[in-house]
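Novice: Have a look at this fold, sequence not included:
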């Protein structure tokens, strides 16, 4: 979920941001097909990130990937997150466009 809170000490409840574009930018050589996502009226999005691993990558280390959140007239937010191949990643808290803190996420293994 992507929200706007008007900053840290605001008493206003964070508001969802609909129509925001979310993109992923893996490092050069690590990215497969990328498809931007758009947040719905609740500020929710699902982003598919294509990752390429080398045939010699035995450990399959996470790939640091920049997620970019943008909409005309709003602050742009970028987060670098380590993504694992074949894993669903879910943010544990809302991504707040008005805050600079790191938004934590969890992993959910595919069945």
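Specialist: Received it, and whenever you're ready, just let me know what you need. Bear in mind the structure is a predicted one, so any value in this text is a computation, not a measurement.
Novice: Nearest residue to the middle of the chain?
Specialist: Central residue of the chain (C-alpha atoms, centre = their mean): residue 67, 4.6 Å from the mean position.
Novice: Parallel or antiparallel, list what pairs with the strand or helix carrying residue 3.
Specialist: Here residue 3 sits within strand 2-4, counting by DSSP states H and E. As defined by DSSP bridges, the strand partners of strand 2-4 come to strand 15-16 (antiparallel), strand 95-96 (parallel).
Novice: As TSV, those with distance to residue 24 would be great.
Specialist: Every C-beta, even on glycine, is put in place using the N, C-alpha and C of the backbone. What follows is those, written out as TSV (distance: least, C-beta to C-beta, whole Å):
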stretch	distance to residue 24
strand 15-16	21
strand 95-96	13
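Novice: right, so the ones you listed: which one is the most enclosed?
Specialist: When the strands paired with strand 2-4 are scored by mean count of other C-beta atoms under 10 Å, the highest mean neighbour count falls to strand 95-96 (a mean of 22).
Novice: what's it in contact with?
Specialist: Residues from elsewhere that reach strand 95-96 (C-beta atoms under 8 Å, 6 or more residues apart in numbering): 1-5, 14, 69, 77, 79, 103.
Novice: how far does the helix or strand where residue 68 lies sit from the chain's center?
Specialist: When elements are defined using DSSP H and E, residue 68 is found to belong to strand 63-70. For strand 63-70, the gap between its own C-alpha mean and the chain's C-alpha mean amounts to 6 Å (C-alpha atoms, centre = their mean, to the nearest Å).
Novice: Sounds good, over and out.
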